[in-house]
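1. Would you be able to build a 3D model of this:
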Amino acid sequence: MNKKIFLLIIACMLFSRAGAISSDLKETYRPSETAIVKLSGNILEPISLSQIKIKRVNQAVGFEGDAAKIGDDYYIWFIAPLNTNNYTLVVEDVYTTYGGVSVIAEFYQEFIVAGEQIDYSVNPGAIFETDNFEIVVNLYEDFDKLISIDFPEVRDFVLKPGINYVDFSVEDTAGTQITTINVGDYTIPAYIVGKGVEEEIIVPDSESCNNGEIENDEVCECGDDEECGNSDDDLDGENCTSFGFDSGNLFCKDGCTNFDKDDCAYEEEVTAKNYFFRFNPRMIKGTVLISEQSGEYRFGIINLGEEIIENVSLEYNEEMFLIYPDGGVDIDINETVYFNLSLKGFNDDIREVVKASAGGKEDYLLIKITGTTDEGETTTEYIGEESATEPLYYCSELNGLKCTGDEACSETEKVTIDESACCVGTCAEPESGGSYAWVGYLIAGIVILGLIIIWVKYKKAGGEKNPLERQVREIEKKMR
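-> Residues are numbered from 1 along each chain as shown. Down below sits the predicted model:
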């Protein structure tokens, strides 16, 4: 069977499972309107821009947008096409679950672009910031427009025709906030880490403190010894985690109107490394003989980043699979480490996921194994395996670039989804290996010399009006 047809069949099979994901995409958008779409469902792996497509009659169209995870929710935003028509939002290769089973699904939903062009758009449509930031607002009208903004405080902003840059400060914002920012008619989801310090509100001491009851403005009571700061304090069910800490001991402060949080603590955060790796292939699909209850498969993890990946760990169903090596490996830059997977037994169709983790990054390999009693039906398909004819990656995903016509790539160029020659090295002027210009000069000189010789002979021949008469005279001389 043709590989492309087979992949299409598999895509259709997985496509039926896209019901595990839903969205709040509207039915209709105006031209150039910023669409902000929330995806709902158990999404196992972050969604990247390369997975998002806007299609018209099955043809992808260019768009400006991106994806972002805000808290536990995933958002996709894009600026609607300018041309009115029917379109489809497509999110490819979404790692999710269906009926408790991990699957790779394709999500799609249709929408319409109709009506007159929107008065203004915003970019981006989702905010994830740990510092001061800006939002670009593009006004498509010819006159100034006044809009209202509610972060970090409510204010008015006058839009000018064309591109406007709206600045936002987090200097006075305390702590981490998952919120929304209203910019005119748009409500933008946001994850913001502020630089401000949260001030503790001090309430005057309670006169009834230490009477054994939490009342009036009191939030706690000291212990039986009427001294706060001990394990017998009555905290009314509160603890450190109630205030966002990860661990520690909470106490009542003298006066019973405040808590003592000095012993509460945050767990040390593990800084995510800039790792970039993927399984190759993306899915293994096999059919094995039920009588043998065995099968062996090979897969790899490729390092597409710019640093060595250390201590890759694997998570999988150990009752069903045996994988060697069992994680704990390092992967050099541009290197692929291969693993062998074998079945421990087979009782029913297998739908499992192998998860690779390193430096805070994750990737998933889908395993689908079915059984048969006919030896002629046993197959193994490695779906999504990288090849020159059917590449898996965009040039940007490989940290590559397109060299210009007068540049050469320092490495072997790769075929990617968007480029026929993606340079994963560096582009530079080709080194001079000696000039061959003298060859051209030599040929030109020979041609010119030949033309001169022909011209001279022509001039000599042209000095006699009748060359035949000269030959006759010479013959007559010899006959005398």
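2. Please name the nearest non-neighbouring residue to residue 402.
-> residue 419 (5.6 Å; C-beta to C-beta, 6 or more residues apart in numbering). Placement of C-beta: from N, CA and C, glycine included.
3. Need the per-residue pLDDT for that neighbour.
-> Here the pLDDT value assigned to residue 419 is 72.
4. Over to residue 188?
-> For residue 188, pLDDT reads 95.
5. so what's it up against?
-> 36, 122, 124, 125, 126, 127, 135, 180, 181, 182 (C-beta atoms under 8 Å, 6 or more residues apart in numbering).
6. again, only using 7 Å
-> Residues counted as contacts of residue 188 (C-beta atoms under 7 Å, 6 or more residues apart in numbering) are 36, 122, 125, 126, 127, 180, 181.
7. Across the sheet, point out what pairs with it.
-> Assessed by DSSP bridges, residue 188 has beta-bridge partners residue 181.
8. thinking again about what came up before, neighbours of the residue nearest to residue 402, just the number please.
-> The number of residues packed near residue 419 is 18, by other C-beta atoms under 10 Å.
9. Provide the secondary structure category for it.
-> coil (DSSP: H, G, I helix; E, B strand; the rest coil).
10. Hmm, residue 409 and it touching each other?
-> No. With contact defined as C-beta atoms under 7 Å, residue 419 does not reach residue 409; the gap is 11.3 Å.
11. Can you tell me how far residue 348 is from residue 222?
-> Residue 348 is 61 Å from residue 222, where distance means C-beta to C-beta, to the nearest Å.
12. out of these two, which sits in the busier spot?
-> More neighbours surround residue 222 than the other of residue 348 and residue 222, with 22 against 9 (other C-beta under 10 Å).
13. wait, what's in contact with the more buried one?
-> Shown in contact with residue 222 (C-beta under 7 Å, 6+ apart): 209, 210, 228, 233, 252, 256.
14. ok, the first one to residue 74 distance?
-> Think residue 209. Separation of residue 209 from residue 74 (C-beta to C-beta): 48 Å.
15. May I ask which of the contacts of residue 222 has the most neighbours?
-> When neighbours are counted by other C-beta under 10 Å, residue 252 leads the contacts of residue 222 with 29 neighbours.
16. Which residue, other than its chain neighbours, is closest to that residue?
-> residue 220 (3.6 Å).
17. so what's the one you found scoring on pLDDT?
-> Here the pLDDT value assigned to residue 220 is 89.
18. Check residue 185 too.
-> 95.
19. Once you drop chain neighbours, what's closest to it?
-> Per C-beta to C-beta, 6+ apart, closest to residue 185 is residue 147, 7.7 Å.
20. For that neighbour, the count of nearby residues, please.
-> 21.
21. so who does it touch?
-> 157, 159, 183, 184.
22. Using PyMOL, define a selection of the buried residues within the residues you listed.
-> Remark: buried members of the contacts of residue 147, expressed as a PyMOL selection using 16 or more other C-beta atoms under 10 Å:
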select buried, resi 159+183+184
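23. quick check: domain ranges of the chain?
-> Here the domain parsing of the chain from automatic domain parsing is 3-193, 200-269, 277-383, 392-431, 442-479.
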